[in-house]
Each structure stands twice: as structure tokens, then as C-alpha cells.
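>>> Quick check, what structure comes out for this input:
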Amino acid sequence: MPLRHWPARAKDLSGVQLVLAPGNRRRTQLVQAAALAAALLAGATASHLYWQQQGAQWRQDAVPMQSLHLAEQALAQARLQLQVSEAHGRELEKQIDALNQRLRACLEEVTFFRKGRDTTR
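As a prediction, the model looks like this:
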């Protein structure tokens, strides 16, 4: 004798939507909105932390750039001083050459006068 009085396959369960517990539509929307707000908050927090870290990295990178700028200024100043000293050296060489020419001329005069004096004696 069969245990059931109705046919076992009167309703196919694979075609019916399975609902474990009936839910409250308003509560479901509230949970979804809370999940969306939490995701947006997490994204904003992660973005803030990322850009804060990038800002710190940029500030660290800016320090060597400032020292590089100072080094470039010092290099330009040293080049200018080198050019000035080279120009001063060239001027001194010209003055030395002029003095050497005057010395030669004076020595030639002295030699001329000595020869003249020696010949008259």
C-alpha cells in the first residue's frame, strides 16, 4: 500500500522558485542601500589614503629637487666666477706682456747708454 495518497510528481520542484524565508522588501532595500553606502565610504577612504600617501611621496621627491635647484644655482655662480677669474687672468697676462716689453725697451736703452759710455772712455 502506498504511503502517499497523491502522486509524488504532481508539481516539479525544479521549475518553482525556492524561497527559504519570506523577506521584507523594505528591509532588503535598506540593506542594499547600506551596502552601497559602505562601499562608497570604503572607496572614498581608500582614495583619500592613496592620495595622502602620493602627496607624502611627492613631498619627499621635492626635497631632492630643491637641493638640485640649489646645486644648479651654485654651479651657475661658480661658472660665472670662473669666467670672471679667467678674464682677470687674461688681463693680467696682457699687463705682464706690456711690462715685459717696457722692461726690454728699458734694458735696451740702458745697454745703449752703457755702450755709449764705455766707448767714450
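>>> The spatially most central residue of the chain: what's it in contact with?
Centroid-nearest residue in the chain, with Cα atoms, centre = their mean: D61, separated by 4.8 Å. With contact set as Cβ atoms under 8 Å, 6 or more residues apart in numbering, D61 has no partners. C-betas here are computed from N, CA, C, even on glycine.
>>> May I ask which helix or strand encompasses it?
Using DSSP states H and E, D61 sits within helix 25-120.
>>> gap between that helix and the chain center?
Distance, stretch centre to chain centre, for helix 25-120: 16 Å (Cα atoms, centre = their mean, to the nearest Å).
>>> coming back round to it: for the residue nearest to the centre of the chain, give its distance to H48.
Counting by Cβ to Cβ, to the nearest Å, the separation of D61 from H48 is 20 Å.
>>> do L41 as well
From L41 to H48 the distance is 11 Å (Cβ to Cβ).
>>> now swap in R117 and tell me
101 Å.
>>> for R25, same thing?
Computed as Cβ to Cβ, the R25 to H48 distance reads 35 Å.
>>> if you count what's nearby, which of those two comes out ahead?
A count of neighbours by other Cβ atoms under 10 Å puts H48 above the other of R25 and H48, at 10 against 7.
>>> contacting residues around that one?
Contacts of H48 by Cβ under 8 Å, 6+ apart: none found.
>>> re the thing from before, give me the pLDDT for the residue nearest to the centre of the chain.
We have a pLDDT of 77 for D61.
>>> Ok, T45 next?
With respect to pLDDT, T45 has a value of 96.
>>> Enumerate every residue touching it.
Per Cβ under 8 Å, 6+ apart, neighbours of T45: none.
>>> And it, how far from A39?
11 Å.
>>> Check N24 too.
22 Å.
>>> what do you get for G116?
Computed as Cβ to Cβ, the G116 to A39 distance reads 114 Å.
>>> next one: R26
From R26 to A39 the distance is 21 Å (Cβ to Cβ).
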